[in-house]
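Participant: Here's my sequence, what's the structure:
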Amino acid sequence: MIHRTAIIDPSAKIAANVHIGPYSVIGPDVEIGEGTWIGPHVVIQGPAKIGRDNKIFQFSSVGECPQDLKFQGEKTYLEIGDRNTIRECCTINRGTAQDRGITRIGNDNLFMAYVHIAHDCEIGNHVVFANGASLAGHVTVEDYVVLSGFSGVYQFCRLGAHSFAATNAVIIKDVPPFVKVSGFYAKPYGLNTVGLQRRGFAATALKELRRAYKVIYRQGLTVANALQELRQTTVPEVNQFAQFIEASVGGIVR
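Facilitator: Predicted structure coming up:
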């Protein structure tokens, strides 16, 4: 299942049923789990650990050193979970010593062609990055986030669970959970209602989230005063919304 033209470093740990296509290069300190499929002309550098049943398509560069002028060859890492799809020409970089030292990607994610994930990013599960979406360094992306085509995220930003970014959105502040953003620079445009309905959120939860959104964005309150009002709720989704905002260091999209 390994093509004769592929180049595999002796220190790489490849599970027995991994497919590696023609002219792909697997560097030192790379570990690839069972059932993973690697197409032709893929380059994977280590230290990197890739889990089970992933698909990595042609011309992708996975685990290369970070595009950071401070990087001086320190030993940093990339970790990718299970059942991810990484389409053509994606670039995923390892971490830097100045931060966590690791770029970490969860499970069941789809990264379409030409996606870029920079150093020290933390990505959850079930996210979708459409063609050309890009993350600068140190970005955190929670579960079920959708980045539409050619959207970009500035360094150190956080994207809350179930949030949605429209095509060409440029995000320079944190995006709270459940919120839809669009524009350059990205501004909030209501809740990600369609996505939440598709994922089975109850009508009562959606109603309370709409109310919480209005408290934050429509009533002219300061963030501190709005959060004080939201703390009175017992709805888990609203608590998640409020806690994310309260933890924001760089501020949220407004």
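
Participant: quick one, strands of the stretch 151-254 of the chain?
Facilitator: 152-153, 158-159, 164-165, 170-171, 179-182, 187-191 (DSSP state E, counting those that start in this stretch).

Participant: would you turn these into a markdown table with distance to residue 44?
Facilitator: No exception for glycine: its C-beta is placed from N, CA and C like everyone else's. Listed next are the strands of the stretch 151-254 of the chain as a markdown table, based on distance: least, Cβ to Cβ, whole Å:
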| stretch | distance to residue 44 |
| --- | --- |
| strand 152-153 | 24 |
| strand 158-159 | 26 |
| strand 164-165 | 28 |
| strand 170-171 | 28 |
| strand 179-182 | 33 |
| strand 187-191 | 38 |
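
Participant: Let me have those strands in CSV, adding mean pLDDT and mean neighbour count as columns.
Facilitator: Formatted as CSV, those follow (pLDDT from 0 to 100; neighbours: other Cβ atoms under 10 Å):
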stretch, mean pLDDT, mean neighbour count
strand 152-153, 98, 24
strand 158-159, 98, 26
strand 164-165, 98, 28
strand 170-171, 98, 20
strand 179-182, 98, 22
strand 187-191, 97, 17
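
Participant: per-domain residue ranges of the chain.
Facilitator: The chain is divided into the following domains under automatic domain parsing: 7-141, 197-246.

Participant: longest helix of the chain?
Facilitator: Assignment by DSSP state H gives helix 203-217 as the longest helix of the chain.

Participant: ok and that one relative to strand 187-191, angle-wise?
Facilitator: Relative orientation of helix 203-217 and strand 187-191, computed by axes from the mean of the first three to the mean of the last three Cα atoms, to 10 degrees: 150 degrees.

Participant: How many residues are close by residue 248?
Facilitator: Counted by other Cβ atoms under 10 Å, the residues lying close to residue 248 total 16.

Participant: I figured it hits residue 158, correct?
Facilitator: Yes. Between residue 248 and residue 158 a contact is recorded at 7.0 Å, counting by Cβ atoms under 8 Å.

Participant: So for these two, which residues contact both of them?
Facilitator: Common neighbours of residue 248 and residue 158, counting by Cβ atoms under 8 Å, 6 or more residues apart in numbering, are residue 174.
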